[in-house]
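Colleague: coordinates for the following, if possible.
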Amino acid sequence: MAPTTVTILTFSSLLDILSLQGLYLVGYAWLLGMSIWVTFFAGVIVLRIPAFNHTLTYVDRTDRIQGLAALTARQQFGTLQHRVFPVYFLASIILSATLLGLWTYSHPSLLEYVLNPTVADVAQFYALATPLISAASNSLVIGPLTSRTMFQRHKLEKAEGKGYNEPGVSDEMKTLNQRFGLYHGVSSLLNLYSVVALLFHGLWIGNYGAGIKGF
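Modeller: The predicted model follows:
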């Protein structure tokens, strides 16, 4: 039996881990974890809170007060999302652009075959470009449209004195609901594409390595 090799931690070895390869993997893990959390868990967890998942039905004055409180809480959640998502999209843009740049720098031959996705390095280039394009689209187009529609719906809820999902809402509210659902659906789909692409990239580098070169 061959002797077991034991690695001793030294100050020099600790410095060596601050390589582009190591930082690349940390950045990838950060982006993937953040994307999975936002796409599959964050919203679902919050919507399980009764105040944020409450259909407004008013039986008496007490119920009405409780309903309005729930409406206010849900609108506050929407405002919170309006502040949080731009930060998430910006972080995704920075991380994915950095990973994409490092991948292209370390695999320059992919530029010769950039239109051929069957080339492995090119396929990974596309995988990293997907979250960049998705985050940029959400940040610059879909996100602002969703927020604007959400605030229009909040304003109309206060004017009508009822929640957007209560029976008997106005035609204007129904139009805003459809528009919000469309924008939110597109945004969620873009996030899902990002997660799938990042999982593909992770499985690839887990099996074949990232091959990131130092400067």
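Colleague: only C-alpha atoms for contact and neighbour calcs from this point on.
Modeller: Fine.
Colleague: least confident secondary structure element in this protein?
Modeller: helix 43-47 (a mean of 74; mean pLDDT, DSSP states H and E).
Colleague: so who does the residue nearest the centre of the chain touch?
Modeller: When C-alpha atoms, centre = their mean is applied to the chain, the residue found nearest the centroid is residue 35 (4.3 Å). Neighbouring residues of residue 35 by C-alpha atoms under 8 Å, 6 or more residues apart in numbering: 191, 194, 195.
Colleague: most neighbours of all those residues, which one?
Modeller: Counting neighbours by other C-alpha atoms under 10 Å, residue 194 comes out on top of the contacts of residue 35 with 28 neighbours.
Colleague: thought residue 131 was touching it, still the case?
Modeller: Yes - the criterion here is C-alpha atoms under 8 Å, and residue 194 meets it with residue 131 at 4.5 Å.
Colleague: backbone torsions only: list them for residue 213.
Modeller: Note on residue 213: backbone dihedrals following degrees, to the nearest 10 are phi -100, psi 150.
Colleague: which one is it nearest to, not counting chain neighbours?
Modeller: Among residues not flanking residue 213 along the chain, residue 106 sits closest, at 5.3 Å (C-alpha to C-alpha, 6 or more residues apart in numbering).
Colleague: look up how far residue 100 lies from the one you found.
Modeller: 10 Å (C-alpha to C-alpha, to the nearest Å).
Colleague: more crowded one of the two?
Modeller: Neighbour comparison, residue 106 and residue 100: the larger count goes to residue 100, with 22 against 17 (by other C-alpha under 10 Å).
Colleague: touching, that one and residue 127? I think so.
Modeller: No - using C-alpha under 8 Å, residue 100 is not in contact with residue 127, being 9.0 Å away.
Colleague: re the thing from before, identify the contacts common to residue 106 and residue 100.
Modeller: Here residue 106 and residue 100 have no joint contacts, going by C-alpha under 8 Å, 6+ apart.
Colleague: could you pull out the strands for the chain?
Modeller: Using DSSP state E, the chain contains no strands.
Colleague: low-confidence ranges in it?
Modeller: 1-3, 47, 49-74 (pLDDT under 70).
Colleague: recalculate using a threshold of 50.
Modeller: For the chain, applying pLDDT under 50 flags the ranges 55-66, 68.
Colleague: how many residues are close by residue 169?
Modeller: Residue 169 is flanked by 16 other residues according to other C-alpha under 10 Å.
Colleague: which residues does it contact?
Modeller: Here residue 169 is in contact with 162, 163 (C-alpha under 8 Å, 6+ apart).
Colleague: kindly report the same for the one 3 residues further on.
Modeller: Residues in contact with residue 172, defined by C-alpha under 8 Å, 6+ apart, are absent; none qualify.
Colleague: sorry, back to before: quick one: contacts for the residue nearest to residue 213?
Modeller: When contacts are counted by C-alpha under 8 Å, 6+ apart, residue 106 touches 211, 212, 213.
Colleague: most neighbours among those residues, please name it.
Modeller: Among the contacts of residue 106, the one with the most neighbours (other C-alpha under 10 Å) is residue 212, at 20 neighbours.
Colleague: thought it was touching residue 21?
Modeller: Yes - assessed by C-alpha under 8 Å, residue 212 is found in contact with residue 21 at 5.1 Å.
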